[in-house]
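In: The amino acid sequence is not available; the structure is as follows:
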Ligand SMILES: Nc1ncnc2c1ncn2[C@@H]1O[C@H](COP(=O)(O)OP(=O)(O)O)[C@@H](O)[C@H]1O
Ligand SMILES: [Mg+2]
């Protein structure tokens, strides 16, 4: 009889203020590596772009303007030794467009931050960190699943 696989626990992180969301982005930026993918889930206004902006600025080490990719779909930033791809797939009409955007390549070589990742269909990288932002009181909370151990550890998962 084989042992059942150890279930990956869900982490719940309270984010009472917008600064807490930004701090979470910066913490992830300090440990993310090429090939890491963060799937930012949650409704309009949840704070996905806020987290992505804080991540990108922390990783670039400067307060660079981070425009929303809602029209361009993808914005690419050059960080030290690695590209950061920030995608907003809200307007994607078919998962095949993921190929056209070059996202499959980016998943392998870059750090990817993806808003509206439900549009990815079967292009979701298997080790992606799923981070769902939900309304919680006056603030938000993040519900985190998946992701490689190093990323989860940075979020306080000591399982
Ligand atoms: N933890 C939080 N508590 C309260 N407001 C937040 C929090 N995180 C982000 N916000 C606010 O939510 C608003 C919408 O964020 P945005 O990143 O544009 O959402 P999305 O990209 O998910 O549509 C921003 O004004 C931001 O300051
Ligand atoms: Mg957004």
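Out: The structure has been received and is ready for your questions. Quantities reported herein were computed from a predicted structural model and do not represent experimental measurements. Ligands and ions are numbered 1, 2, ... in the order given.

In: Could you use CA atoms for every contact and neighbour count after this?
Out: Noted.

In: what's the pLDDT at the residue nearest in space to the middle of the chain?
Out: The centre of the chain sits closest to residue 38, judged by CA atoms, centre = their mean, with a distance of 2.5 Å. The confidence metric pLDDT takes the value 98 at residue 38.

In: same deal with residue 9?
Out: According to the per-residue confidence, residue 9 scores 78 in pLDDT.

In: List the contacts of it.
Out: The neighbourhood of residue 9, defined by CA atoms under 8 Å, 6 or more residues apart in numbering, consists of residue 145.

In: what helix or strand does it sit in?
Out: Here residue 9 sits in a region with no helix or strand, counting by DSSP states H and E.

In: And the contacts of stretch 69-82?
Out: In this structure, residues lying in contact with stretch 69-82 by CA under 8 Å, 6+ apart are 33-34, 56, 59-60, 83-92, 101, 109-111.

In: rewinding a little: please name the bridge partners of the residue nearest to the centre of the chain.
Out: Each beta-bridge partner of residue 38 is listed here: residue 113, residue 129, as defined by DSSP bridges.

In: That one reaches residue 116, doesn't it?
Out: No - contact between residue 38 and residue 116 fails when scored by CA atoms under 8 Å: they sit 11.1 Å apart.

In: Give me the neighbour count for residue 92.
Out: Burial measure for residue 92: 15 neighbouring residues, criterion other CA atoms under 10 Å.

In: Confirm residue 33 sits in a strand?
Out: No - under DSSP: H, G, I helix; E, B strand; the rest coil, residue 33 sits outside any strand and is assigned coil.

In: ok, it - contacts?
Out: Listed by CA under 8 Å, 6+ apart, the contact partners of residue 33 are 82, 110, 111.

In: so who does the residue nearest to the centre of the chain touch?
Out: Under the criterion of CA under 8 Å, 6+ apart, the contact partners of residue 38 comprise 112, 113, 114, 128, 129, 130, 131.

In: With that, I have no additional questions.
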